[in-house]
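Undergrad: show me the folded form of this:
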Amino acid sequence: MAQKIAILSVYDKTGLIDFAKELVALNVRILASGGTSKAIAAAGLPVEDVSAITKAPEILGGRVKTLHPAVHGGILARDIPSDEADLAAQAIQKVDIVACNLYPFKETVAKEGVTIPEAVEEIDIGGVTLLRAAAKNHIRVSILSDPKDYATVIAQLKENNKVSDETRQKLALKAFNQTSEYDEAISNYLRQQYAAGTQQLTLRYGANPHQKPAQVFIKNGDLPIK
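TA: Okay, the predicted model is just below:
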């Protein structure tokens, strides 16, 4: 049986080392990016940087780490002959487990005095892509977006050498909920910063000339009143 592969890329490192220890005990090959790889290595555990499969270093100050066909091909591959052939042609191995959580965008924009460039730097790209790719292929891949789920996955791997369909489904739903809420937070913040756009309703009173009036925004369509 092929060795299982896990890709770990987490901002919130709660429970990371214990999770990695359990994966090592189960003979799971661990690939990790950036600070996640350093944290696992510092604990004396075997870990490979994700560049071991991408053959490419992190670039753009860490903005590009896991955005690579060797990563996402391994995550998105199905158990069908055409996908198996594509993987073989590119020497890509399937990924079985992905643990990923995102940069703290909500926490950053909640800070007093945060600038737009500071907020933008906390918009996670690679992490969201990992979450969505693994959640999409949950028929085969276990996506862990919450450290609270580490123990459940480890227990099932110990008992059955696999994660149950029901658990993978629930994990995928949690991951999609997380990406949805994350994008909503970004959209809300940028709407407040940039949406000077279409005036929906003219107000006759309420603000002095030197004041910026309060604004009402909607996500879709027009206001339900005129």
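Undergrad: what residues of the helix ranked longest in the chain count as buried?
TA: Using DSSP state H, we find that the single longest helix of the chain is helix 165-194. Using 16 or more other C-beta atoms under 10 Å as the test for burial, helix 165-194 gives 167-168, 171-172, 174-176, 178-179, 182, 185-186, 189. Backbone N, C-alpha and C define where each C-beta goes, glycine included.
Undergrad: please apply the same query to stretch 43-58.
TA: 47, 49-51, 53-54, 58.
Undergrad: what is the subsequent helix or strand relative to the lowest-mean-pLDDT helix or strand in the chain?
TA: Lowest by mean pLDDT, DSSP states H and E among the helices and strands of the chain is helix 51-54, with a mean of 74. As assigned by DSSP states H and E, the chain's next helix or strand after helix 51-54 is helix 69-76.
Undergrad: tell me what that next one is packed against?
TA: Applying 3 or more C-beta pairs under 8 Å, 6 or more residues apart in numbering; DSSP states H and E, one finds that helix 69-76 contacts strand 5-9, helix 51-54, helix 81-90, helix 126-136.
Undergrad: and of those, who's closest to Asn160?
TA: When these are compared by C-beta to C-beta, strand 5-9 sits nearest Asn160, at 16.6 Å.
Undergrad: so how far is that closest one from its chain's centroid?
TA: In terms of C-alpha atoms, centre = their mean, to the nearest Å, the centre of strand 5-9 is set 12 Å apart from its chain centre.
Undergrad: just stretch 75-90 next, same as before
TA: Offset of stretch 75-90 from its chain centre (C-alpha atoms, centre = their mean): 23 Å.
Undergrad: let's see it as PDB, backbone CA atoms only.
TA: In PDB, the C-alpha atoms belonging to stretch 75-90 read as follows (Å, rounded to 0.1, in the frame of the first residue of the first chain):
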ATOM      1  CA  ILE A  75      -4.800  16.900  -4.200                       C
ATOM      2  CA  LEU A  76      -7.400  17.100  -7.000                       C
ATOM      3  CA  ALA A  77      -6.600  13.800  -8.700                       C
ATOM      4  CA  ARG A  78      -9.400  11.200  -8.700                       C
ATOM      5  CA  ASP A  79      -9.100   7.500  -8.700                       C
ATOM      6  CA  ILE A  80      -9.700   7.100 -12.400                       C
ATOM      7  CA  PRO A  81      -7.400   5.900 -15.200                       C
ATOM      8  CA  SER A  82      -7.100   9.300 -17.000                       C
ATOM      9  CA  ASP A  83      -6.000  11.100 -13.800                       C
ATOM     10  CA  GLU A  84      -3.700   8.200 -12.800                       C
ATOM     11  CA  ALA A  85      -2.000   8.600 -16.300                       C
ATOM     12  CA  ASP A  86      -1.700  12.300 -15.900                       C
ATOM     13  CA  LEU A  87       0.000  11.900 -12.500                       C
ATOM     14  CA  ALA A  88       2.300   9.200 -13.800                       C
ATOM     15  CA  ALA A  89       3.400  11.400 -16.700                       C
ATOM     16  CA  GLN A  90       4.300  14.300 -14.400                       C
END
